[in-house]
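> how does the following fold in three dimensions:
(one chain, ligands or ions: 1)
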Amino acid sequence: MHGMKTILITGATGQIGTELTRALRTKYGGQNVIAAGHRREPDKSLVEQGPFCRIDVTHREALEKAVAERRVDTIFHLASLLSADAEKKPQLAWDVNMGGLFNVLEISRAHGCAVFFPSSIGAFGPLTPQDNTPQDTIQRPNTMYGVTKVSGELLCDYYHQRYGVDTRGVRYPGLISYQTPPTGGTTDYAVHIFYEAIKNRRYECFLAEGTRLDMMYMPDAIKAAIDLMEADSAHLVHRNSFNVTAMSFAPEQLAAAIKQRIPDFVMDYRIDPVRQAIAESWPRYMDDSAARQEWDWQPDYDLDAMVDDMLENLSKRL
Ligand code: SER
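Model prediction:
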């Protein structure tokens, strides 16, 4: 087992980062978990419950200084542009997603850090089987986001084989959460819909009816990251990256589940062709049996449990 004592999280102000930071601080102690953010202002709790620093992951020196000074042994490297943003700015996406990861891996090689790297359903493409997508299959993504994710998976495996860096990762489906909204992703509709349903009883969806995608509730995503990093490496056959899945639905199914709880909720469609094309190139649901076998992965939330919890918690916040 890899003992995590001092942890650095890049992208800590993002959708996953805010919640992963909190979970890791609860488990490993606030002072031992350093949150690093860049673009977004950190919320109060991120700054109050432990160290926070502003780091652009494309600046290797700043990143290395934080790792060396604080004797970091594990990096959860979350900083990245999501799929729709990456299509708007492909060159920037390459710089941040690949340059950032390369810096993290080089620093980890020099300082003996373990690395968690989140890949995505976006690492697959139009030639991939979309139903029950196998762990090991064709990966020919046609988006810049996907190119950086599949390259990232390969680079992480390379650093493990070549240099013995303890790299591990999962392929997340679309992630639904109520604490920090996502920015620039294709699956973001499944978060926005809740905000609009509570505030205005109405949502205009940018993906078309029938666009079924793999999805997961944030508590399961956090559990996957921590459990994988705590797993006994002797049991890991795969490393980068494990398919993990929890539920699969199309916009109208999510809308129906919300309508059951908010009867006057109405959804219309105004399709964004860019995000629609991205979504159509991604898996509807992945086969996550490798994760189940190698590190006992199992999700806790299905669609109904997620919708209940989202509406309850987001209503309180809004
Ligand atoms: N949720 C991400 C996106 O939509 C996929 O990894 O870009």
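
> now the residue of the stretch 151-300 of the chain found nearest the ligand: closest residue in space that isn't a chain neighbour?
Distances between the stretch 151-300 of the chain and the ligand by C-beta to the nearest ligand atom are smallest at residue 185, namely 2.9 Å. Every residue, glycine included, has its C-beta placed from N, CA and C. Once flanking residues are discounted, residue 185 sits nearest to residue 82: 3.8 Å by C-beta to C-beta, 6 or more residues apart in numbering.

> try residue 139
Here the nearest residue to residue 139 in space, its sequence neighbours aside, is residue 150; by C-beta to C-beta, 6+ apart that works out to 4.8 Å.

> now do the helix or strand harbouring the one you found: distance to the chain's middle.
According to DSSP states H and E, residue 150 maps onto helix 144-163. On the basis of C-alpha atoms, centre = their mean, to the nearest Å, helix 144-163 sits 16 Å off its chain's mean C-alpha point.

> mind giving me the packing neighbours of that helix?
Here helix 144-163 touches helix 83-88, helix 90-93, helix 100-111, strand 119-120, strand 167-168, going by 3 or more C-beta pairs under 8 Å, 6 or more residues apart in numbering; DSSP states H and E.

> tell me which parts of the stretch 151-300 of the chain are close to the ligand?
If contact is defined as C-beta under 6 Å from any ligand atom, the residues of the stretch 151-300 of the chain in contact with the ligand are 172, 174, 185-187.

> please identify which pair of those lies farthest apart.
Distance extremes for these: the farthest pair is 172 and 186 at 12.6 Å, using C-beta to C-beta.

> if you go through the protein in chain order, where are the helices?
Here the chain has its helices, by DSSP state H, at 15-28, 44-48, 60-69, 83-88, 90-93, 100-111, 144-163, 189-200, 218-230, 251-261, 273-280, 289-295, 303-317.

> lowest average pLDDT across these?
For the helices of the chain, the bottom mean pLDDT is recorded on helix 44-48, which sits at a mean of 92.
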